[in-house]
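In: Generate coordinates for the sequence data below:
(one chain, ligands or ions: 2)
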Amino acid sequence: MLYSSETPAAKREALRAGLASGTIQRFPGAFNPLSARLIEAKGFDGVYISGAVLSADLGLPDIGLTTLTEVATRAQQIARMTNLPAIVDADTGFGEPMNVARTIQTLEDAGLAGTHIEDQVNPKRCGHLDGKQVVDEDTALKRIRAAVDARRDPNFLIMARTDIRATVPGDGGLAAATDRAKKLVDAGADAIFPEAMATLAEFEAVRAAVDVPLLANMTEFGKSALFTVDQLQNIGINMVIWPVSLLRLAMGSAVRGLDALNEHGTLEPVLGEMQHRADLYELLDYEAYNRFDTSVFNFQVSR
Ligand SMILES: C[C@](O)(C(=O)O)[C@H](CC(=O)O)C(=O)O
Ligand SMILES: [Mg+2]
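Out: Ligands and ions are numbered 1, 2, ... in the order given. Sure, this is the predicted structure:
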C-alpha cells in the first residue's frame with residue numbers, strides 16, 4: 001500500500017539488469033500514477049513518462065511549455081506508485097547545460113530510474129512533426145556531458161535522444177543520425193533514442209553504429225511504422241516505448257462514452273468499456289488499507 005516497496009536505487013539496478021539481459025524491455029507510457037499500477041499488474045518491465053502526455057494532460061501542446069518542476073512533480077507521483085523502473089522524458093533538459101545538470105539531480109531526487117535528453121532546439125516539437133530543428137553537435141554533446149557529470153547514482157540512466165534523422169531528407173538523415181549517436185555515446189550517454197526512424201532497416205543502421213542500449217519509439221500516427229516487440233527484439237533493440245498509447249485509448253473511450261451519453265441519456269450501453277469499481281479497488285489495493293485500519297474499509301462491492 002501507499003506504494004512502491006522498492007527504493008529508487010533498486011529500480012535503477014533492475015533497469016540496468018533488464019537492459020543487459022538481451023530481452024527487450026517493454027515500457028508503456030503511464031498517463032497518471034494509477035495507470036502505472038496497471039502497467040505493473042499486466043506484467044510489463046517498466047513505465048515510461050511522456051512529455052507529450054504530461055503536456056496534453058494539462059491541455060497544452062508538446063512544445064516545451066512545461067517546466068522542470070511540473071515534470072519532476074508528476075514523474076515522482078507516477079514513479080512512486082510502482083515497483084517498476086520509470087523513465088521520464090526531459091525534453092531538451094530545460095535550458096543550458098547547467099540547467100540540464102539541475103534537471104538530472106532533480107529527477108534522481110524524484111525517484112526516477114532514468115531520463116532522456118534530446119538535441120532539439122528550444123522550443124522543442126513532438127519528434128514526429130515536420131519542421132523541427134536540432135542544435136549543433138557541440139551543444140548536443142555539452143548537454144549530455146553536463147547530465148552525466150551531474151548524476152550522483154551511477155545507475156541513473158542517461159539516454160541521449162537525437163532528432164536529427166527527420167531534419168535532413170533522405171539517406172543523409174540516417175547518416176547524420178548514426179554519426180550523432182556515436183558522438184553522444186562518446187560524450188557519456190548510457191543509451192540512445194533515435195527518434196523518428198522510418199523503417200526497421202534504419203533502426204538496424206543505428207544498432208550497427210553503437211554498442212549501448214537502444215530505444216524504439218512506437219508512437220502511433222507518427223513517422224515510424226508500428227513494429228512488433230518481436231520484430232524489434234530480433235534486430236537488437238533493448239527497450240520499446242508506447243508513450244502516448246494509453247492516453248489515446250482512454251481518451252478514445254471517453255469520446256465514445258460521451259457520445260453514448262448524448263445519444264441515450266445513460267451510460268448503460270458502454271458499461272462494458274468501463275473498468276469495474278471492483279477492479280479499480282483491486283488495483284488500488286484497497287484491502288491492504290483495510291488491514292492497516294479496519295475502520296476505513298467497511299463496505300462490500302457487488303459485481
Ligand atoms: C516520445 C515523445 O517525446 C513523448 O513526449 O512521449 C513524443 C511522442 C509523440 O508525440 O507521439 C515524440 O515522439 O516526440
Ligand atoms: Mg517528448
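In: Which residue ranges of the stretch 151-300 of the chain form strands?
Out: Applying DSSP state E, counting those that start in this stretch to the stretch 151-300 of the chain gives strands spanning 157-162, 191-194, 215-217, 239-242.
In: Format these as CSV; extra columns: mean pLDDT and distance to ligand 1.
Out: Backbone N, C-alpha and C define where each C-beta goes, glycine included. Below are those laid out as CSV (pLDDT from 0 to 100; distance: least, C-beta to the nearest ligand atom, whole Å):
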stretch, mean pLDDT, distance to ligand 1
strand 157-162, 98, 8
strand 191-194, 98, 8
strand 215-217, 98, 5
strand 239-242, 98, 7
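In: can I get the ones you listed in CSV with mean neighbour count and distance to Glu202?
Out: Shown next, in CSV, are the strands of the stretch 151-300 of the chain (neighbours: other C-beta atoms under 10 Å; distance: least, C-beta to C-beta, whole Å):
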stretch, mean neighbour count, distance to Glu202
strand 157-162, 25, 12
strand 191-194, 26, 8
strand 215-217, 24, 10
strand 239-242, 24, 15
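In: got CSV for these, with distance to ligand 2 too?
Out: Formatted as CSV, those follow (distance: least, C-beta to the ion, whole Å):
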stretch, distance to ligand 2
strand 157-162, 8
strand 191-194, 10
strand 215-217, 9
strand 239-242, 10
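In: Can you tell me which of those strands is nearest to Leu65?
Out: Closest approach to Leu65 among the strands of the stretch 151-300 of the chain is made by strand 157-162 (18.6 Å; C-beta to C-beta).
In: mind listing what that closest one pairs with, with the direction of each?
Out: Strand 157-162 has the following strand partners under DSSP bridges: strand 114-118 (parallel), strand 191-194 (parallel).
In: And that strand, how far out from the chain middle?
Out: Remark: strand 157-162 is offset 12 Å from the chain centroid, using C-alpha atoms, centre = their mean, to the nearest Å.
In: Export that strand to CSV, keeping only CA atoms.
Out: Output of strand 157-162 as CSV, limited to C-alpha atoms (Å, rounded to 0.1, in the frame of the first residue of the first chain):
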residue,chain,number,x,y,z
LEU,A,157,20.2,6.0,-16.8
ILE,A,158,21.1,9.0,-19.1
MET,A,159,19.8,8.4,-22.5
ALA,A,160,20.5,10.7,-25.4
ARG,A,161,17.8,11.2,-27.9
THR,A,162,18.7,12.5,-31.4
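In: Show residues contacting that strand.
Out: 12, 15-16, 19, 87, 104, 113-119, 127, 134, 140, 144, 147-148, 151, 177, 180-181, 184-185, 187-195, 215 (C-beta atoms under 8 Å, 6 or more residues apart in numbering).
In: How about stretch 195-207?
Out: Contacts of stretch 195-207 (C-beta under 8 Å, 6+ apart): 118, 127-128, 161-163, 165-166, 174, 177-178, 181, 192, 194, 214, 216-217, 222-225, 227, 231-232, 235-237.
In: circling back to that earlier point, of the strands of the stretch 151-300 of the chain, which is nearest Asp57?
Out: Each of the strands of the stretch 151-300 of the chain was scored for nearness to Asp57 using C-beta to C-beta, and the closest is strand 239-242 (16.4 Å).
In: With just CA atoms, put the closest one into CSV.
Out: Taking Å, rounded to 0.1, in the frame of the first residue of the first chain, the C-alpha atoms of strand 239-242 are listed here in CSV:
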residue,chain,number,x,y,z
MET,A,239,13.7,-1.0,-24.9
VAL,A,240,10.5,-0.1,-26.6
ILE,A,241,8.0,2.6,-25.5
TRP,A,242,4.4,3.3,-26.4
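In: Run through the bridge partners of the closest residue to His116 other than its chain neighbours.
Out: Distance criterion C-beta to C-beta, 6 or more residues apart in numbering; nearest residue to His116, sequence neighbours excluded, is Met159 at 4.0 Å. Beta bridges link Met159 to His116, Ala191, judged by DSSP bridges.
In: what's the distance between Met159 and Leu246?
Out: The gap separating Met159 from Leu246 is 21 Å, by C-beta to C-beta, to the nearest Å.
In: Check Ser21 too.
Out: 24 Å.
In: These two: who's more crowded?
Out: More crowded of Ser21 and Leu246, by other C-beta atoms under 10 Å: Leu246, with 21 against 11.
In: who touches the more buried one in this structure?
Out: Here Leu246 is in contact with Pro28, Gly29, Ala30, Phe31, Ser35, Ile39 (C-beta under 8 Å, 6+ apart).
In: Look at it and report its pLDDT.
Out: Confidence at Leu246, expressed as pLDDT, is 98.
In: care to break this protein down by domain?
Out: 8-243, 251-292 (automatic domain parsing).
In: tell me the most buried of the ones you listed?
Out: The highest mean neighbour count among those, using mean count of other C-beta atoms under 10 Å, belongs to domain 8-243: a mean of 20.
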